[in-house]
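1. Need coordinates for the below:
(2 chains)
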Protein chains: 2
Amino acid sequence: MVFELTILGSSSAMPTSQRYPSAHVLNAHERFFLIDCGEGTQIQIRKYNIKYGRIHHIFITHLHGDHVFGLYGMLSSMNLSGRESPLSIYAPAGFQNILISHLSDFDIHLNYEIDFVPLMGKDPSGIYEDKNISVVSFPLKHRVPTFGFLFREKERERNIIKEAISKYSIPVSEIHKIKKGSDFQTPDGKHIPNGEITIDPPEPRSFAYCSDTMYFKRLSSFVRNVDLLYHEATFASDNKELAKKTGHSTAEQAAITARDAGAGKLIIGHFSARYKDVSCLLEEARKIFPDTVAAEEGSVITV
Amino acid sequence: MVFELTILGSSSAMPTSQRYPSAHVLNAHERFFLIDCGEGTQIQIRKYNIKYGRIHHIFITHLHGDHVFGLYGMLSSMNLSGRESPLSIYAPAGFQNILISHLSDFDIHLNYEIDFVPLMGKDPSGIYEDKNISVVSFPLKHRVPTFGFLFREKERERNIIKEAISKYSIPVSEIHKIKKGSDFQTPDGKHIPNGEITIDPPEPRSFAYCSDTMYFKRLSSFVRNVDLLYHEATFASDNKELAKKTGHSTAEQAAITARDAGAGKLIIGHFSARYKDVSCLLEEARKIFPDTVAAEEGSVITV
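-> Model (predicted):
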């Protein structure tokens, strides 16, 4: 099953001619989750051939413009495209009123429902679940209330070995139990251990998104053993003080969190416009966490 | 002196992968006037190498998102770039409060002043003037209060013929009066008519911007004899009823207004996303008004 992230925007607050503000689409089992929605997101979505009619869930980390200002235009365009299916928006508490008054100020009358899920609290909290995926939000440390998101595949059932079905004449009625891990009793009383007739399902995969945040030790525990970690790296280490002051991280700090979490792979993004070339950030991170890539518009990373 | 328009966005409400929402920069004598500010304007401005630090005046026609949603991000980026010089925003009355509460909602603290000029009324009204240019706003007919803008060069002084200065020994103290049209009296009492020592200055040029609007007859009188007319052409004539219902114009109607106004040249823009190829709109307009061009991102039209 598909589990992949498309980068739509890799800049920090100031976009450049090449980099757009934060926006990412996670395709998890053909469900599309939009994570942050900076200015130009709807244009990027079209550019990279993502159907925004298929987006039913939008996650907003915090109420800074470079993570939100693409939302109004997108909600409006969804409306003009004839959308009728509801849309869930997960955003810091308080956003609902801001959005409602904004839609009214700009004469936008949506023909679809918006279901607001307010983010709050100081501990990880489950905010979404379907048969394949669960999403947990957790607090980050920034200048305003900010949340990260952990997307995790659910444990899948065991795979029955095809040959075993005919070999032991396993009836359809038993399949469900065996997939859950039960052993099988043949009609003549022979005991077949589950391990002989099934193989392990693929390991559940996970993706975590951390932007914007300054470094803090507890963050690595929120994203323990994640397969793919997106972590902001607004600055290089020579701007460590500025990073702290503005509530951001250096590339090195992103890598430290990835290492301490035992992550599988790290993507850094949310680059300050001062870095025309982000290879210095990439090098800095790779010294601590070698399996690091730099976010780039249009790139697709499979978990 | 420069007097030219750069197209930053030519789409209507729904952008496409090629066309951005409305935004235009008029360079009038090296003063940069931004007209409408749809989503992505700050990205387009960078792409086409316009320094947004040089923009001191922003004109917003009406409070629909595709003409405004790029403004918040741009104001914020101007701030991050260290802007200190004041910015004037000409927008329909009521926008000031909307913007102030929006900046507060998103934790944006500007280090420069914004001078709001509210647009209102049913007649043309002077809203800006400097030594070279004047700007008049006039009402359009749309679903919400909407205004067009007429930028006009001022009459320039007459040009003194260099040779005449030495031939008649014209003293510096007389130059100013002669440029204003006075004749010259030589020290020995000889009368030299102004026409003999000066030539006509270039004709003042003008540009008018009309978006969004349905067709109405009086509009052509607001933009009488304009050299360059931008007029929206959201639809082709087969959608004339839809145009009227949504407060928009067809390409034919844009051309009728240009023809009736005695305009020099017409640019059509604000195209519905349904037209992958806008040549049908261009053809329709050219049947009525041959000197028509279609707006395209990055194109520069000299007045």
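2. can you pull the contacts of A:Asp183?
-> A:191-194 (CB atoms under 8 Å, 6 or more residues apart in numbering or on different chains). Quick note: C-beta positions are derived from backbone N, CA and C, even for glycine.
3. burial measure for A:Ile100, as a count.
-> 12 (other CB atoms under 10 Å in any protein chain shown).
4. per-residue pLDDT, it?
-> On the pLDDT scale, A:Ile100 is placed at 94.
5. ok, now how distant is it from chain B?
-> Counting by CB to the nearest CB, to the nearest Å, the gap between A:Ile100 and chain B amounts to 12 Å.
6. list the helices and strands the host helix or strand of that residue packs on?
-> A:Ile100 belongs to helix A:95-105 when assigned by DSSP states H and E. In terms of contacts (3 or more CB pairs under 8 Å, 6 or more residues apart in numbering or on different chains; DSSP states H and E), helix A:95-105 is packed against helix A:71-80, strand A:114-119, helix B:95-105.
7. how about the ones you listed in TSV, adding distance to B:Phe59?
-> Rendered in TSV, the data for those read as follows (distance: least, CB to CB, whole Å):
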stretch	distance to B:Phe59
helix A:71-80	20
strand A:114-119	32
helix B:95-105	12
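8. Quick check: which of those is buried the most?
-> By mean neighbour count, with neighbours taken as mean count of other CB atoms under 10 Å in any protein chain shown, helix A:71-80 ranks first of the helices and strands packed on helix A:95-105 at a mean of 22.
9. For it, the averaged confidence score.
-> Mean per-residue pLDDT for helix A:71-80: 96.
10. got the contact list for it?
-> Here helix A:71-80 has contacts from A:37, A:41-42, A:45, A:52-53, A:58, A:60, A:87, A:89, A:99, A:102-103, A:106, A:108-112, A:114, B:13-15, B:21, B:39, B:65-66, B:69, using CB under 8 Å, 6+ apart.
11. Tell me which of those residues fall in helices.
-> A:41-42, A:45, A:99, A:102-103 (DSSP state H).
12. I'd like these laid out as JSON lines, including distance to A:Arg83.
-> JSON lines is the format used below for these (distance: CB to CB, whole Å):
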{"residue": "A:Thr41", "distance to A:Arg83": "16"}
{"residue": "A:Gln42", "distance to A:Arg83": "13"}
{"residue": "A:Ile45", "distance to A:Arg83": "14"}
{"residue": "A:Leu99", "distance to A:Arg83": "16"}
{"residue": "A:His102", "distance to A:Arg83": "18"}
{"residue": "A:Leu103", "distance to A:Arg83": "14"}
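13. Which residue is the nearest non-sequential neighbour of the residue in the stretch 151-300 of chain A positioned nearest to chain B?
-> Of all residues in the stretch 151-300 of chain A, A:Ala273 sits closest to chain B, at 8.4 Å by CB to the nearest CB. In this structure, A:Ala273 finds its nearest non-sequential neighbour in A:Met14, 4.3 Å apart by CB to CB, 6 or more residues apart in numbering or on different chains.
14. give the contact list for the one you found.
-> By CB under 8 Å, 6+ apart, the neighbours of A:Met14 are A:272-273, B:77, B:80-81.
15. give me that answer again for 7 Å
-> Contact analysis of A:Met14 by CB atoms under 7 Å, 6 or more residues apart in numbering or on different chains lists A:273, B:77, B:80.
16. Equivalent analysis for A:Arg158, please.
-> Contacts of A:Arg158 (CB under 7 Å, 6+ apart): A:179, A:181, A:198, A:200-201.
17. who wins for neighbours among those?
-> Result: A:Thr198 is most packed of those (other CB under 10 Å), 21 neighbours.
18. per-residue pLDDT, the residue lying farthest from the centre of chain A?
-> Distance to the chain centre peaks in chain A at A:Asp188, reaching 50.2 Å (criterion: CA atoms, centre = their mean). For A:Asp188, the model assigns a pLDDT of 87.
19. Would you verify that it is located in a strand?
-> No: A:Asp188 is assigned coil when assessed by DSSP: H, G, I helix; E, B strand; the rest coil, not a strand.
20. Identify the spatial nearest neighbour of A:Gly181, chain neighbours not counted.
-> A:Gly181's closest residue in space is A:Asn194 (CB to CB, 6+ apart), at 5.5 Å.
21. Could you check stretch A:213-231 and say which residues are buried?
-> A:213-215, A:219-220, A:222-223, A:226-231 (16 or more other CB atoms under 10 Å in any protein chain shown).
22. re the thing from before, out of the helices and strands packed on helix A:95-105, which comes closest to B:Glu163?
-> helix B:95-105 (54.2 Å; CB to CB).
23. relative to helix B:71-80, how tilted is the closest one?
-> Counting by axes from the mean of the first three to the mean of the last three CA atoms, to 10 degrees, helix B:95-105 lies at 60 degrees to helix B:71-80.
24. what's the angle from helix B:95-105 to strand B:114-119?
-> 140 degrees.
25. Return the alpha-carbon coordinates of helix B:95-105 using PDB.
-> Written as PDB, here are the backbone C-alpha positions of helix B:95-105 (Å, rounded to 0.1, in the frame of the first residue of the first chain):
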ATOM      1  CA  PHE B  95     -10.800  46.500   4.700                       C
ATOM      2  CA  GLN B  96      -8.800  48.300   7.300                       C
ATOM      3  CA  ASN B  97     -10.600  46.500  10.200                       C
ATOM      4  CA  ILE B  98     -10.400  43.200   8.400                       C
ATOM      5  CA  LEU B  99      -6.700  43.500   7.900                       C
ATOM      6  CA  ILE B 100      -5.900  44.700  11.400                       C
ATOM      7  CA  SER B 101      -7.700  41.800  13.000                       C
ATOM      8  CA  HIS B 102      -6.100  39.400  10.500                       C
ATOM      9  CA  LEU B 103      -2.600  40.600  11.400                       C
ATOM     10  CA  SER B 104      -3.400  40.200  15.000                       C
ATOM     11  CA  ASP B 105      -4.800  36.700  14.600                       C
END
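26. Off-centre distance for it?
-> Distance of helix B:95-105 from its chain centroid, counting by CA atoms, centre = their mean, to the nearest Å, is 25 Å.
27. Not counting sequence-adjacent ones, nearest residue to A:Asp260?
-> Once flanking residues are discounted, A:Asp260 sits nearest to A:Ser220: 3.8 Å by CB to CB, 6+ apart.
28. The one you found: which element?
-> If you go by DSSP H and E, A:Ser220 is part of helix A:219-222.
29. Give the other helices and strands that the next helix or strand after that helix contacts.
-> Counting by DSSP H and E, the element after helix A:219-222 in chain order, helix or strand, is strand A:228-232. Counting contacts by 3 or more CB pairs under 7 Å, 6 or more residues apart in numbering or on different chains; DSSP states H and E, strand A:228-232 packs against strand A:206-210, helix A:251-261, strand A:265-269.
30. interface residues of the stretch 51-200 of chain A facing chain B?
-> Residues of the stretch 51-200 of chain A lying close to chain B (CB under 7 Å from any CB of the partner chain) are A:63-65, A:69-70, A:72-73, A:76-77, A:80, A:98, A:105-108, A:143-144.
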